[in-house]
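K.L.:
structure for this input, please:
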Amino acid sequence: MKVSKLASNLIGSEIIKIGNEVNDLKAKGAQISNLTIGDLNSNIYPIPSELKQGIEKAYKNNLTNYPPANGVQSLRTSVSNDLKKRWNLDYSANDILITAGSRPLIYAVFKTIVDEGDKVIYPIPSWNNNHYAYLTNANAVEVQTQESNNFLPTAEDLRPHLEGAVLLCLCSPLNPTGTMFTKEQLSDICELVLEENKRRGADEKPLYLMYDQIYAMLTFGSDHYNPVNLFPEMKDYTIYVDGTSKCFAATGVRVGWGFGPSLVIDKMKALLTHVGAWAPKPEQEAVAEFLADDSAVDTFLDDYKQKLNTSLKELHAGIQDLKSKGFAVESISPMGALYLTIKLDYLGKTTPDGKTIENSSDLVFYLINNAGMALVPFSAFGNDKSVPWFRASVGGCSLDDIKDCLPKLEQALENLK
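P.N.:
Residues are numbered from 1 along each chain as shown. Below you'll find the predicted structure:
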């Protein structure tokens, strides 16, 4: 039995592998603080009540037929208005594409811009760019980032790779680190993109920037910056990825939106008509109504962000406490999203039963079994398994879960020799 070469060589998700192990152990009664999934426990973080009521109302009103392939007009108008109010971005409803979350948008960006063998640039760690590059047979250029820059690429990191590239993929706040571009960092990168495009002839494909800002509303004391605000001429080259999944704790509601140059968005629309990747019509109608209610949106965000930030700070403080006790650990102060970046420098150590922690995956499974704590190694985001950095996602855990796992983490690390 054979399948396509593409299917044969698909790489499985390391996050799913870890998640399966956690679920198996929990089914057997184990108490595990699951810090792996970039999702939200809907009993801890329910969607806005107004959004839930709007979805129920839409179903009661029988709004259950096909939506327009590019999204219902009311939602595209609400998104257009919100972009103007929130980010001072001027995009008409016609330049906005609604999809079932952000994944179809990212896939469509790659398929619309990238031909086989085209150069695509993205930093590591970053979420899933390696898989989308594979699906489009791109020439993937992975740019290593540094702790000193909060694992975000700098203009100097990117400069050597821009010649001939057609797509640069950036995300801020970043999955997996929760870190964010400063105004200066992003400005320097935008200037590089503009310089590169000025060098290109009329018959050459531009260098486009895919800017994933799905976490933009979830920031803690830092300003979110975006390319077109910084340089209006970036509007010709920037395709944004955005939506409800993270900002409204609505990962299962599946309403995302992209916007950018008309030519690119129109081709993405055409592509996705053959995929059927639209969000359900009732959810679209409900999001349109909720997004237009500034007071309801702000009230929800204030409470939701405060809860997330409290959990992130608790986890960060716990790691810093371990550091003060002499443990080989580190964490980066949370800036945005759901994530804390943690260093556990214990590769090469030996477990109490004599096994060597050879790589980051070994450490993950040791901690699952011995600390009741599940993390995702940076190797799931493109880094080598020798890198001792990990993503901790607080969306699936209560504050008590986080407090409870920290003493167990300390003991498990103490037991490594």
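
K.L.:
how about the strands of the stretch 251-400 of the chain, start to end?
P.N.:
Secondary structure of the stretch 251-400 of the chain (DSSP state E, counting those that start in this stretch): strands at 256-259, 329-332, 339-344, 373-374, 376-377, 389-393.

K.L.:
dump those into a markdown table; add mean pLDDT and distance to residue 209 as well.
P.N.:
Where C-beta positions appear, they are placed from N, C-alpha and C, glycine not excepted. Listed next are the strands of the stretch 251-400 of the chain as a markdown table, based on pLDDT from 0 to 100; distance: least, C-beta to C-beta, whole Å:
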| stretch | mean pLDDT | distance to residue 209 |
| --- | --- | --- |
| strand 256-259 | 98 | 13 |
| strand 329-332 | 98 | 25 |
| strand 339-344 | 98 | 22 |
| strand 373-374 | 95 | 34 |
| strand 376-377 | 96 | 26 |
| strand 389-393 | 98 | 24 |
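
K.L.:
how about stretch 18-35: buried residues?
P.N.:
By neighbour count on 16 or more other C-beta atoms under 10 Å, the buried set for stretch 18-35 is 18, 19, 21, 22, 25, 32, 33, 34, 35.

K.L.:
a markdown table please, covering the strands of the stretch 251-400 of the chain and showing distance to residue 359 and mean neighbour count.
P.N.:
Formatted as a markdown table, those follow (distance: least, C-beta to C-beta, whole Å; neighbours: other C-beta atoms under 10 Å):
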| stretch | distance to residue 359 | mean neighbour count |
| --- | --- | --- |
| strand 256-259 | 34 | 27 |
| strand 329-332 | 17 | 20 |
| strand 339-344 | 12 | 25 |
| strand 373-374 | 16 | 26 |
| strand 376-377 | 8 | 25 |
| strand 389-393 | 12 | 26 |
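
K.L.:
hmm, back to that, out of the buried residues of stretch 18-35, list just those in strands.
P.N.:
Judged by DSSP state E, strands contain the following of the buried residues of stretch 18-35: 33, 34.

K.L.:
ok, the closest residue to residue 399 other than its chain neighbours - contacts?
P.N.:
Nearest-residue entry for residue 399: residue 311, 5.4 Å, with adjacent residues in sequence omitted and distances by C-beta to C-beta, 6 or more residues apart in numbering. Contacts for residue 311 (C-beta atoms under 8 Å, 6 or more residues apart in numbering) come out as 394, 397, 399, 402.

K.L.:
and the buried ones among the residues you listed, selectable in PyMOL?
P.N.:
The PyMOL command for the buried members of these (criterion: 16+ other C-beta under 10 Å) is given here:
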select buried, resi 394+397+402
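
K.L.:
give me the lowest-pLDDT entry from the contacts of residue 311.
P.N.:
Across the contacts of residue 311, the member with the lowest pLDDT is residue 397, scoring 92.

K.L.:
how about that residue, phi and psi?
P.N.:
Dihedral pair for residue 397: phi -120, psi 150, per degrees, to the nearest 10.

K.L.:
how far away is it from residue 48?
P.N.:
Distance from residue 397 to residue 48, counting by C-beta to C-beta, to the nearest Å: 21 Å.
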